[in-house]
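Trainee: Need coordinates for the following:
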Amino acid sequence: MLRRAAAFSRHPAPARGRNVLRQGLPGAPLTIQGFFAADPAPRLTEDFQVFISQAFAQAAPAATGGGAESLFGSLGTLLPLVLMFVVLYFVMIRPQMKRQKEHKAMIDALAKGDEVVIAGGVLGKVSKMGDSYLHIEVAGGVEIQVQRGSVVQVLPKGTFK
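Mentor: Residues are numbered from 1 along each chain as shown. Alright, predicted model coming up:
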C-alpha cells in the first residue's frame, strides 16, 4: 500500500512537465493529470500504486522421487552450455592451436639463404641467424634485425631478387 509522501501534499506545487499534480479546493482529493492516466483526472487514494505493480510468486513443483529423472533434468539444463563449449573448441580454439603449431615448425625450419616475408610485409633473404633474432637482407648491403616470430611466410627460392 502506497502512503502519501511529501510530494503528494496539499500545498501548491509548481507545474512542471507533462505530469502535473493538481490541487482542488481545500478538503478536496488530489488528482494527477497526464499522459499515463486513463481517466483525465484519476483520484489519489491510499491504495493507488504509481510505480510498482504487485507480483505474485508461483509455487515450485513438487520434487519427484525418481533419481534418474532428476539426474537427466539437471543434465538437460547443462547440455546447451556444454554443447556451446564443444562447438567453440572445434570452431575457434583447435584451428588456432593448429596454426600456432605450423608457424612454430616453419620458424624452426628456417635456414640461411631462405627468402621470407616479415610481419610488416618486408621481403628479404636470411643472412645471419641467432637464437631469437634473424638478420634479413632487404637490399644490397641493407640488413635489418628482426625477431624470429615476425617471419610470416617462407617464399620459394628465386622469388626475391
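
Trainee: which residues of this structure fall in strands?
Mentor: Under the criterion DSSP state E, the chain carries strands at the ranges 20-22, 31-33, 115-118, 123-129, 133-139, 142-147, 151-155.

Trainee: mean confidence for the first one?
Mentor: Strand 20-22 carries an average pLDDT of 49.

Trainee: from what I can see M129 touches A109, true?
Mentor: No - counting by Cβ atoms under 8 Å, M129 stays clear of A109, with 11.7 Å between them. All C-beta atoms are positioned from the backbone trio N, CA, C, and that covers glycine.

Trainee: Counting by contacts, list what the biggest helix by length in the chain packs against.
Mentor: The longest helix of the chain (DSSP state H) is helix 67-88. For helix 67-88, not one helix or strand is in contact under the criterion 3 or more Cβ pairs under 8 Å, 6 or more residues apart in numbering; DSSP states H and E.

Trainee: for the chain, what are the low-confidence residue spans?
Mentor: 1-72 (pLDDT under 70).

Trainee: how is it carved up into domains?
Mentor: Split into domains by automatic domain parsing, the chain comes to 1-51, 66-109, 111-155.

Trainee: Compare neighbour counts for M129 and A109 and give me the winner.
Mentor: It is M129, of M129 and A109, that has more neighbours when counted by other Cβ atoms under 10 Å, with 13 against 9.
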